[in-house]
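Asker: Task: produce atomic coordinates for the following.
(2 chains)
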Amino acid sequence: MRYVYDVVVVGAGNGGLSAASKLAQAGLKVIMLEKHNLPGGVATSLVRGRFEFEASLHELCDVGTEEQPLAVRNIFKGLGVDAPMVNEKNLFRAIVTGEDGYDVTLKAGEALFEESLEAACPGSGKSIKKLKDLLAKTREALAYNDRMNGRPNKLVMIFKYSKFLIAASHSVDEVLRSLGFSKKARSVLETYWLYLGVPADELNAFHYFQMLRGYIDSGAGVPEHKSYGLSLGLAESVLKNGGEIRYNTEVDRFLYDDDKRVIGVAAGGDEYYAKQVVSNVIPHNVFNMSERRNTAEKDRKLLNARRFGLSFVCLYVGLDRSAEELGIKDYTVFVAKKDSSRTQYDDDADLGVYVVNCLNVAVPDATPAGTCSMFFSIPVFSDKLMNGVEPENYKQFKSEIAKRYIADYEQVTGIRISDCIEEISVATPVTFARYFGSPNGTAYGYRLSRWDGLMARILSAADEFKIKGLTFCGGHTASGDGFGVSYASGLEAADRVLALLKEEGV
Amino acid sequence: MTDKKREGRRGLRLSIGNFLKILPIRKKKIEDAPDSDVRKTGSYKPNELAGIIHPGLQHLIVTQVKDLTEDVKLYRLEADRENGCERLAPFGAGSYLTFEMTVGSGRCSRPYSICSSPKDAEKGFYEIAVRRTPGGVVSNYIHENWKEGTRVTAQEPAGEFLYEPVRDAKHVICLAGGTGITPFRSMVKAVLEGSEDFRIDLIYSARKEKELLFREELDGAAGTDERISVRYVLSDEEKAGYGTGFITKDMVAQAAQDGEPYSVFICGPQKMYRYLDGELKGLDLRKKYVRRELFGEIRDLSDEEDYVRPGADEFTLTVSQNGQRTAIRCRRDESLLCAMERAGIAAPSRCRSGVCGFCHSKLVNGSCYTPAQSDFRREADRLYGYIHPCCAYPLSDLEIDVPAAGKIKI
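Answerer: Residues are numbered from 1 along each chain as shown, chains lettered A, B, ... in the order given. Down below sits the predicted model:
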């Protein structure tokens, strides 16, 4: 069959969903094609027995409160999606074992955050003040950049917002050192690096501080109906506004005209033509579905230069005891073997660091009474981890990795869970590769390496992937990975498409 | 200068110079990269493994048919290379295969437990046992039509009825009823062959001695491996050496004897599940220690306490698929999936028990009933009116939006 639309959105991940929702809201004839039978991509859940597990979301940054909503809540409000969420007040507990180890809990809210950091790392007061100043300057610079629609006057940036430029061109670790933080304070503050998948001495400071700021201000946002509730809500908003969604429909080819313009996509023998195509699918896969003559040398080289972000092993564990009975008090616990993110990162496949979430601490009735669920996220390098894993020993591989991390968690926290596991499911890079089709099973798009960090991407965005008729959105784009930024990237893609269509007089 | 020296007493000094280098560094990095084609997604290890473990559909060929009893046949299936299936997807003992077929004008799917072992799949074959049930559309079709050389289509192996050492007790008491022995045969073989390591005490019930499947093999396994034991229970026959009646909690308690924790795995007909629900209560087992294979489609809703029988015996079910709307009839006592299959609509399905979510569809209007024990929907699905048609029964005329069944992917 041959179909014609205003816009085709490929992939119903976070970016694709918000893009399609906004485009449908604008009254365009939109269709979203998704290879899986559910919306959301990683923003999904899985059911095992009487447990429904959150599949990927730890917490949403920048949510604000119901009364004073910030970016993420505003996105849902703007799209008319009911997205109830709670604000978890403890940012995280970080347990670092070994020499110089520590066990620190940081709290949300500016005053509480400072208090808890000072309590954990006495003498940080001065540095905290400097950090606050830097965060404020960063915010001003961004506001200015927004006012200028992303085209700031360079001289103004250099003279008025030099602090921002400095933060934006150094690593988290460099900036924290420049502010005089102690080794321990740096280590504590850098705990979140995992959420962006790049170690603190490589991670762009501006990027990291943006995220940290969001968490400090409003705490961790946790949706009441799991991230799948947000995904389905967005999908419903697409339908409600007259858009269409086709599930079980995997795009296998991007269609171009003689002018190298994307004019549609093919999926399972059907062709979907559109004035504009939005791809939530990672450029690597789009290029694999495009003929070489239609892609630009510069873009191919960019992709070949890039490295993929981290993947994960996730354990979804349903326990037949409540969190209170087990003595679990924290929503988020980071466990690390050493206190330097660089050494962790250079280690083998599994980095020696992981996060454990107990959803019931934030959303008490997330599982039936008398039970609770735990979600282990273990960042991994797919190639190293999967080395030696064959189809035949895959089941055993999953059990062994689960056993190892559960034992480690028990040893580190003194909380015993292994004898009350009622359900367990293990996801690996193979699972990510299966459901999302991402190359190397990456969960985080492209690695935010120094040369390919947030600032570098934003500054070059206008010159890369200048493919007519095609706009990318999602965690692999300029803003990097993460739920909030992916939703935002979808909206940006929609705005771009709307502007392009306007130019064309649609 | 090293960082340490630069850092001095006042902390590391940063300069704005770095900012000016961002773009040149990026440019250089890109210029230095090769202009080869972007590497194929399927060539990365996780993607390659995903393709082998989760091929979607598999084209298979029947290579052997054996009568196990008067009404049970054993089918051996191998990869149909001519149709592009290079190798069989691996599986954990206890998995099932859902077969897709066209029977008359209808399209059907049926899950069957794999009764061969994971190692057998490495060698190149799966086995399933199919009992012909009176009036059973698919089982009769298979018995009549599947011969050596018949080409068939199965989905990738699926299911959660697997031994998981992190969760289950090392000692598993397996309760099998009738053809419910099939996943346990796979587990017994897996233990013998070293793919799994746990203790199996199998209690296998059938109506009569001659209906017991794999009898010699099971006895042989129990004789050679001390981790395995087997006893039989006959409900319709009294014979020396066999238990009589149904499987009781005392039999389970007896197998448990040593006071160590044990898991109970159950596979059999729905009647057996319902009966054992009550019978095992006396043992006060934690939920985590009782695992049941898929319940299967419920054909008699009168056992469901909260089911309120609607006024009419038949309803109009409007199915919208990729924008095409078709109105069909749906009987009060059949699932929406069954009605669609009878009408020849290609709707996705897999477990047919409400668990896997493969048939996930949107209820556009009207109402339907989902039995509590088959309701494994996500919280948000209930909130937004999504259903699993394999276990949804009409309460009124209704309309549903169903995804396409998906294309064959090999």
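
Asker: For the one residue in the stretch 151-300 of chain B that gets nearest to chain A, which non-adjacent residue is closest in space?
Answerer: When distances are taken as C-beta to the nearest C-beta, the stretch 151-300 of chain B reaches nearest to chain A at residue B:288, 3.7 Å away. All C-beta spots, glycine's among them, are computed from the backbone N, C-alpha and C. Distance criterion C-beta to C-beta, 6 or more residues apart in numbering or on different chains; nearest residue to residue B:288, sequence neighbours excluded, is residue A:422 at 3.7 Å.

Asker: what's around the one you found, how many residues?
Answerer: A total of 23 residues lie near residue A:422 under the criterion other C-beta atoms under 10 Å in any protein chain shown.

Asker: Just to be sure, it is in a strand?
Answerer: Yes: counting by DSSP: H, G, I helix; E, B strand; the rest coil, residue A:422 is found in a strand.

Asker: wait, isn't it in contact with residue A:321?
Answerer: No: using C-beta atoms under 8 Å, residue A:422 is not in contact with residue A:321; the gap is 9.3 Å.

Asker: Find residues that contact each of the two.
Answerer: Listed contacts common to residue A:422 and residue A:321 are residue A:371; contacts here mean C-beta atoms under 8 Å, 6 or more residues apart in numbering or on different chains.

Asker: Can stretch A:358-373 be said to contact chain B?
Answerer: No: using C-beta under 8 Å from any C-beta of the partner chain, stretch A:358-373 stays clear of chain B, with a minimum separation of 8.8 Å.

Asker: Tell me which residues of that stretch come out buried.
Answerer: For stretch A:358-373, the neighbour count (16 or more other C-beta atoms under 10 Å in any protein chain shown) marks A:358, A:359, A:360, A:361, A:362, A:363, A:366, A:367, A:371, A:372, A:373 as buried.

Asker: Quick check: end-to-end length of that stretch?
Answerer: End-to-end distance for stretch A:358-373, by C-alpha to C-alpha, to the nearest Å: 6 Å.

Asker: quick one: the strands in the stretch 101-250 of chain B?
Answerer: Secondary structure of the stretch 101-250 of chain B (DSSP state E, counting those that start in this stretch): strands at B:106-113, B:125-131, B:151-155, B:171-177, B:199-206, B:228-234, B:243-244.

Asker: Show the contacting residues for the closest residue to residue A:392 other than its chain neighbours.
Answerer: With sequence-adjacent residues excluded and distances taken as C-beta to C-beta, 6+ apart, residue A:392 is closest to residue B:90, at 5.4 Å. For residue B:90, the contact set (C-beta under 8 Å, 6+ apart) comprises A:391, A:392, A:394, A:395, B:52, B:53, B:118, B:121, B:122, B:157.

Asker: Next, the contact list for the residue lying closest to residue A:55 once chain neighbours are set aside, please.
Answerer: For residue A:55, ignoring the flanking residues on the chain, the nearest one in space by C-beta to C-beta, 6+ apart is residue A:44 at 4.7 Å. Residue A:44 sits next to A:38, A:55, A:56, A:227, A:228, A:231 when contact means C-beta under 8 Å, 6+ apart.

Asker: three-state assignment of the fifth one?
Answerer: Looking back up the chat, that one is residue A:228. What three-state DSSP gives for residue A:228 is helix.

Asker: so where's the longest strand in chain B?
Answerer: strand B:57-67 (DSSP state E).

Asker: That strand: partners in the sheet, and parallel or antiparallel?
Answerer: Strand B:57-67 sits in its sheet next to strand B:72-79 (antiparallel), strand B:151-155 (antiparallel), going by DSSP bridges.

Asker: and for it, what are the contacting residues?
Answerer: Residues outside strand B:57-67 that contact it (C-beta under 8 Å, 6+ apart): B:73-80, B:83-85, B:88-89, B:100, B:125-126, B:146-156, B:408-410.
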